[in-house]
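Colleague: Pasted the sequence and its predicted model underneath.
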Amino acid sequence: MTVSSLPLLNASLNGLSTVFIIAGIIFIKRDMKLAHIVAMLSALLTSTVFLVSYVTYHCLKQGVVTKFTYPGWPKAVYYFILATHVPLAALTLPLVILTIIPAFRARYDKHRRIAKITFPVWFYVSVTGVLVYLMLYVWFPPVI
């Protein structure tokens with residue numbers, strides 16, 4: 001594995017996290033508590049591996065900035081997604097921690113209350129993480 005393969009890995013981990021998050025929501029709405037726990041722990045694991053891989057990628061790139069070079073409306077869409085993704089991504093880790101601690105302590109009332117905020121943020125960040133990758137590397141790759 002090379003540094004240049006990490007963005008695809010990161011997008012894949014984000015996509016997998018999205019699947020686990022959605023599965024977890026479906027399971028809890030169907031009162032399938034064990035399946036919910038497994039899905040959400042899987043989302044937590046894939047998101048944690050993503051975070052380690054993301055930080056590793058940026059440490060190894062050593063200040064090289066990936067720029068979105070495609071002109072026109074795609075650039076505006078990309079920067080809108082990025083402008084919402086970045087601050088919400090920074091918010092996701094503390095929200096997830098604040099959500100899982102009450103669950104581990106069997107304080108399900110508090111867990112549910114915080115999860116109502118955490119779910120849409122975590123979901124949005126995982127989906128937009130994949131969109132950022134697709135826009136940067138697949139749909140609108142750098143014009144050389």
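Modeller: Done, it's in.

Colleague: hey, which helix is longest across this structure?
Modeller: Counting residues, the longest helix found in the chain (DSSP state H) is helix 73-104.

Colleague: The helix or strand following it versus helix 73-104: what angle between them?
Modeller: Per DSSP states H and E, helix 73-104 leads on to helix 108-133 as the next helix or strand towards the C-terminus. Going by axes from the mean of the first three to the mean of the last three Cα atoms, to 10 degrees, helix 108-133 is angled at 150 degrees with respect to helix 73-104.

Colleague: Give me the buried positions along helix 108-133.
Modeller: 111, 114-115, 118-119, 122-133 (16 or more other Cβ atoms under 10 Å). For every residue, glycine as well, the C-beta is placed using N, CA and C.

Colleague: isn't residue 39 right up against residue 23?
Modeller: Yes - Residue 39 lies in contact with residue 23 (Cβ atoms under 8 Å); the separation is 4.2 Å.

Colleague: So between those two, which is more surrounded?
Modeller: residue 39 (21 against 18; other Cβ atoms under 10 Å).

Colleague: Which helix or strand contains residue 141?
Modeller: Residue 141 belongs to no helix or strand, assigned by DSSP H and E.

Colleague: Give me the neighbour count for it.
Modeller: 11.

Colleague: what does residue 142 give?
Modeller: Quick note: residue 142 (other Cβ under 10 Å) scores 11 neighbours.

Colleague: How about residue 31?
Modeller: Neighbour tally, residue 31, other Cβ under 10 Å: 8.

Colleague: where's the spatially most central residue of the chain relative to residue 32, distance?
Modeller: For the chain, the residue nearest the mean C-alpha position is residue 126 (2.7 Å; Cα atoms, centre = their mean). Residue 126 sits 21 Å away from residue 32, going by Cβ to Cβ, to the nearest Å.

Colleague: same question, residue 50
Modeller: Applying Cβ to Cβ to residue 50 and residue 32 gives a distance of 25 Å.

Colleague: between the helix or strand residue 9 falls within and helix 108-133, how big is the angle?
Modeller: Using DSSP H and E, residue 9 sits within helix 6-29. Between helix 6-29 and helix 108-133, the angle comes out at 150 degrees (the same axes, to 10 degrees).
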